[in-house]
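Chemist: got a predicted structure here, sequence first:
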Amino acid sequence: MIDNLIINTVLIHLFTAITQLIFWRKTVTQRILSVAGCFFGLVSAIRLFYKVYNQGILTMNAANWDAPFGIVFVADLFSSTLVLLTAIAGISVSIFSATGIGRARMLYGYFPIFHFLMMGLNGAFLTGDIFNLYVWFEVIIISSFVLMTLGGRKAQLEGAVKYMAMNILASTFFLTGIGILYGLTGSLNMASLALEVPKISNQALINITAMFFLIGFGIKSAVFPLYFWLPSSYHTPPSAVAATFGGLLTKVGIYALFRVFTLIFTPDEFMKGTFIVLAVMTILTGAFGALIKDNIRRLFSYLIVCHIGFMIGGLGLYTTLAITGAIFYLIHDIMVKTNLFLIAGLIRQLRGSMHMGKLGGIYAAYPKISLLIAVVIFSLVGIPPLSGFWPKIYLFNASFASQQWFYVAAILIGSIVTLYVIAKFWAQVFWKDACDDEIIVDNFQNLSKFKKGLLVVPILLMASVSVYIGLNAEVIIQVSTRISNELMEKTPYIQAVLGT
Amino acid sequence: MELLLVFLIGVLYAAGVYLILRRSMVKLLLGIMLFGNATNILIFLLGNIVKGKPPIIGADFKVFQDIYADPIPQALILTAIVISFGLTAFAIVLLKRVYALINSDDLDDLNTPEEEDI
Amino acid sequence: MRSSILQTASQYLLPILLLFSVFLLLRGHYYPGGGFVGGLVASIAFVLHSFANGTENTLKIVRYKPLSLIPIGLLIASLSMFMPVLLGLPVMTGLWFEEPIPVIGMIGSALFFDLGVYLVVIGVVLTILFTISQNTH
């Protein structure tokens, strides 16, 4: 079914960015445009999700070229769910940026670049063409480079050099994989690749190609051996930028892994084993890294790495149950991780520091905000009714069923370390008395009520989504189960794209 | 021709890896560029090189009469070149900023101790 | 370093190269050429001029900041991309006028897309190169 609705979110962000470029250096107009653009993006994403949920997979052949030859955009439930989550995270970050980002950065084009980034994210989720996916990835990394370096402090440049080198390398690996795949099958359309790849007689070469994709996406989503660029760069940009990166950029890598390794390649025993090993190591390194960090954004960066492992493990188990759990975890993680970095930005506004040693006494000064933050970090840890709890149950059940004891142990260790780290964070930042010798720079107090609202409302919005995910888990489980069925059973996808 | 390209790709990858492993940031960038070029030639090679057969249908015909060079790998390479052009330009500006800030090309001089975090 | 041969030559080469870039832009749909190549040739023309006469003098000729070409080009390209949606066709479908126009030939949305690309490429290349060269001095 041909439908232009698919591409709407991409177009909305594109036009928002262009209009903002026309209003170059008019920061107030840009802020209003940004929030308006994100709002329309959200509306369009909700419409897309609703339509896909009710009518099944939608496709759109760009430029009216038929499917295996032209570029096709496909919205199945997985894509449209991620587009919806991106829209929610996007509007929160956009509102937060209105006060959370300095004026100097806005003058150098923070908002247009942010919208190009959002456009790239939406495009990457919606495309059904593997080379087009590469192009969207490049859109994402070019805009993220600019966002990362805006401001140009030394620490930021250090992070940016590492980030840049690793991400360009990842893209090169990805491109190599695409090249080999094209040489083998003569197709770039993912649905047609899904049909062609099993027919290739030289399956060893297919496995090597799959490894190229694994390395490429693995670097992007910070999987074990090549994760180090993430904790050494995500603590440097402004918190609103870090929120977009932490919540969404690594998850695009995860999305691509899930898409490619369910649709195009079917992991054999060796590949599944590799995934499990990578997942276990990712969880452990992330958890141990988080244990020793004092800066709250470095801490959250390691937690990102740790929790990426949960999802990779779900893919490695490769059962419907495990993938359901991993998808649920993905949904929960996008909301919570974006929110965590926004919270870090808010704490910076409250106290002028992000060092746990220098912070303290926030609970006494701002009890309501502290309770709001408590909801978020409880759902991160997975205190039962909140959102982090349910996906872990699924992953647990699935790994028991597959008898992957190391992965079970890793989930346990990862969860316990997360609990410990978050408890430490809570005690140090909120409950501990404020340090006497440190000068507290409270920018928050002097802000007008409207600006305070701009900082708190996005956190509230995303926290309420987290609470909704936790309390109405049966809805999310239903969605995740449908997604994992769609991923494991690829015939409907292929039929929708190729029309046969 | 194929064999020549295979060797060329190998040399480019090897040189790229060697340069990426250096500490100098300019060499890092050069290594990444060589890596990208090696990948582009790899795609070109995998697209089955055909000499002197452009993918153009003659004016009197409706379909191809002969084997023809596949245009898609070239389109992919062109896109990849355009993208890497943008990335490289950005990376050069970034490295210039770094050089202006720390007056050195060595990655180790860029390290920021954790105590300086905000 | 100022070379009077290069300076004189660039005076004449600038208009010729710009004309050539427009030629490349217009023939791009069926023959080698197109917006990207045309844009590169046009920006090379300005870059050559700036090599010969210094970046400041080239900026005087251009008058507007090259950066301002980017939104204009993007707007043209994305409007031509968006046009078919209003007619109920998928995004980026080629729309063509019935009658060919002398000299230029068939006009369609692809030409406007290429025009947008042309402007964006000039804007981006000149912005980057001028930023790099201005910081050096």
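Modeler: The structure has been received and is ready for your questions. Residues are numbered from 1 along each chain as shown, chains lettered A, B, ... in the order given.
Chemist: for the rest of this, base every contact and every neighbour count on C-alpha atoms.
Modeler: Noted.
Chemist: is the helix or strand bottoming out on mean pLDDT in chain A positioned near chain B?
Modeler: Between all helices and strands in chain A, the lowest mean by mean pLDDT, DSSP states H and E belongs to helix A:443-446, at a mean of 80. No: applying Cα under 8 Å from any Cα of the partner chain, one finds helix A:443-446 separated from chain B by no less than 14.5 Å.
Chemist: next SSE downstream of that helix?
Modeler: helix A:449-471 (DSSP states H and E).
Chemist: C:Asn57: how many residues sit nearby?
Modeler: 13 (other Cα atoms under 10 Å in any protein chain shown).
Chemist: residues touching it, list them.
Modeler: Residues near C:Asn57 by Cα atoms under 8 Å, 6 or more residues apart in numbering or on different chains: C:Ser50.
Chemist: which of the three states applies to it?
Modeler: The local conformation at C:Asn57, judged by DSSP: H, G, I helix; E, B strand; the rest coil, is helix.
Chemist: now B:Asp66
Modeler: B:Asp66 ends up coil, using three-state DSSP.
Chemist: from chain C, how far off is it?
Modeler: 21 Å (Cα to the nearest Cα, to the nearest Å).
Chemist: pLDDT at that residue, what is it?
Modeler: If you check B:Asp66, the pLDDT there is 77.
Chemist: list the contacts of it.
Modeler: Neighbours of B:Asp66 in contact, by Cα under 8 Å, 6+ apart: none.
Chemist: if we go to 10 Å?
Modeler: Going by Cα atoms under 10 Å, 6 or more residues apart in numbering or on different chains, B:Asp66 touches B:53, B:55, B:57.
Chemist: got it, and A:Ser144?
Modeler: A:Ser144 touches A:113-114, A:116-117, A:138, A:150, A:160, A:163-164, A:241-242, A:244-245, A:249, counting by Cα under 10 Å, 6+ apart.
Chemist: where in the chain is pLDDT low?
Modeler: In the absence of a named chain, this looks at chain A. Within chain A, the stretches with pLDDT under 70 are A:1-2, A:436-439, A:500.
Chemist: my question was about chain C, not that one.
Modeler: The low-confidence ranges in chain C, as defined by pLDDT under 70, are C:1, C:103-105, C:135-137.
Chemist: now C:Ile128: how far from chain A?
Modeler: 13 Å.
Chemist: let me know the helix or strand that the nearest residue to that residue once chain neighbours are set aside is in.
Modeler: Distances taken as Cα to Cα, 6 or more residues apart in numbering or on different chains put B:Ala89 closest to C:Ile128, at 6.9 Å, once the chain neighbours are dropped. B:Ala89 is located in helix B:71-102, with elements delineated by DSSP H and E.
Chemist: mind giving me the packing neighbours of that helix?
Modeler: With contacts defined as 3 or more Cα pairs under 10 Å, 6 or more residues apart in numbering or on different chains; DSSP states H and E, helix B:71-102 has these neighbours: helix A:130-149, helix A:154-185, helix B:25-46, helix C:109-136.
Chemist: what's the angle between it and helix A:130-149?
Modeler: 10 degrees (axes from the mean of the first three to the mean of the last three Cα atoms, to 10 degrees).
Chemist: need the contacts of A:Ser144 in a markdown table (columns: neighbour count).
Modeler: Listed next are those as a markdown table, based on neighbours: other Cα atoms under 10 Å in any protein chain shown:
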| residue | neighbour count |
| --- | --- |
| A:Ile113 | 23 |
| A:Phe114 | 24 |
| A:Phe116 | 23 |
| A:Leu117 | 29 |
| A:Glu138 | 23 |
| A:Leu150 | 19 |
| A:Ala160 | 28 |
| A:Tyr163 | 23 |
| A:Met164 | 23 |
| A:Val241 | 27 |
| A:Ala242 | 29 |
| A:Thr244 | 27 |
| A:Phe245 | 22 |
| A:Leu249 | 22 |
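Chemist: who in chain C is up against chain A?
Modeler: Selection of chain C residues close to chain A by Cα under 10 Å from any Cα of the partner chain yields C:67-75, C:78-79, C:81-82, C:84-85, C:88-95.
Chemist: what subset of the residues you listed is buried?
Modeler: Among the residues of chain C next to chain A, those buried by neighbour count (16 or more other Cα atoms under 10 Å in any protein chain shown) are C:67-75, C:78-79, C:81-82, C:84-85, C:89-95.
Chemist: which ones among the residues you listed also lie next to chain B?
Modeler: Among these, no residue lies close to chain B (Cα under 10 Å from any Cα).
Chemist: quick one: which of these sit in strands?
Modeler: The strands, defined by DSSP state E, take in nothing from these.
Chemist: coming back round to it: dump the contacts of A:Ser144 to TSV, plus distance to A:Phe261.
Modeler: Shown next, in TSV, are those (distance: Cα to Cα, whole Å):
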residue	distance to A:Phe261
A:Ile113	31
A:Phe114	29
A:Phe116	27
A:Leu117	25
A:Glu138	21
A:Leu150	35
A:Ala160	30
A:Tyr163	25
A:Met164	26
A:Val241	29
A:Ala242	28
A:Thr244	25
A:Phe245	23
A:Leu249	19
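Chemist: so is stretch A:342-360 next to chain B?
Modeler: Yes: counting by Cα under 10 Å from any Cα, contacts between stretch A:342-360 and chain B involve A:348, A:352-355.
Chemist: now do the end-to-end distance for that stretch.
Modeler: 18 Å (Cα to Cα, to the nearest Å).
Chemist: how distant is that stretch from the center of its chain?
Modeler: The chain centroid and the centroid of stretch A:342-360 are separated by 23 Å under Cα atoms, centre = their mean, to the nearest Å.
Chemist: and that stretch, what's buried?
Modeler: Across stretch A:342-360, burial judged by 16+ other Cα under 10 Å covers A:342-356, A:358-360.
Chemist: swap in stretch A:398-418?
Modeler: A:398-399, A:404, A:407-408, A:410-411, A:413-415, A:417-418.
Chemist: among the residues you listed, which one lies nearest to A:Thr285?
Modeler: Of all those, A:Gly414 has the smallest distance to A:Thr285: 9.4 Å, by Cα to Cα.
Chemist: can you get me a residue count around the closest residue to A:Val72 other than its chain neighbours?
Modeler: Distance criterion Cα to Cα, 6+ apart; nearest residue to A:Val72, sequence neighbours excluded, is A:Asn61 at 4.5 Å. For A:Asn61, the number of neighbouring residues by other Cα under 10 Å comes to 26.
Chemist: got it, and A:Ala374?
Modeler: Count around A:Ala374 with other Cα under 10 Å applied: 16.
Chemist: so who does it touch?
Modeler: A:368, A:380, A:422, A:426, A:430, A:463.
Chemist: need the buried ones from the residues you listed selected in PyMOL.
Modeler: Of those, the buried ones can be selected in PyMOL as follows, counting by 16+ other Cα under 10 Å:
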select buried, chain A and resi 380+422+426+430+463
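Chemist: ok, so of the contacts of A:Ala374, who is nearest B:Ala38?
Modeler: Among those, A:Leu380 lies closest to B:Ala38 (Cα to Cα), at 43.0 Å.
Chemist: give me the nearest residue to that closest one, chain neighbours excluded.
Modeler: A:Gly388 (5.5 Å).
Chemist: touching, the one you found and A:Asp333? I think so.
Modeler: Yes: between A:Gly388 and A:Asp333 there is a contact under Cα atoms under 10 Å: 8.0 Å.
Chemist: the more surrounded of those two?
Modeler: A:Gly388 (28 against 25).
Chemist: which residues are in contact with the more buried one?
Modeler: Here A:Gly388 is in contact with A:328-329, A:331-333, A:336, A:376-382, A:415, A:466-467, A:469-470 (Cα under 10 Å, 6+ apart).
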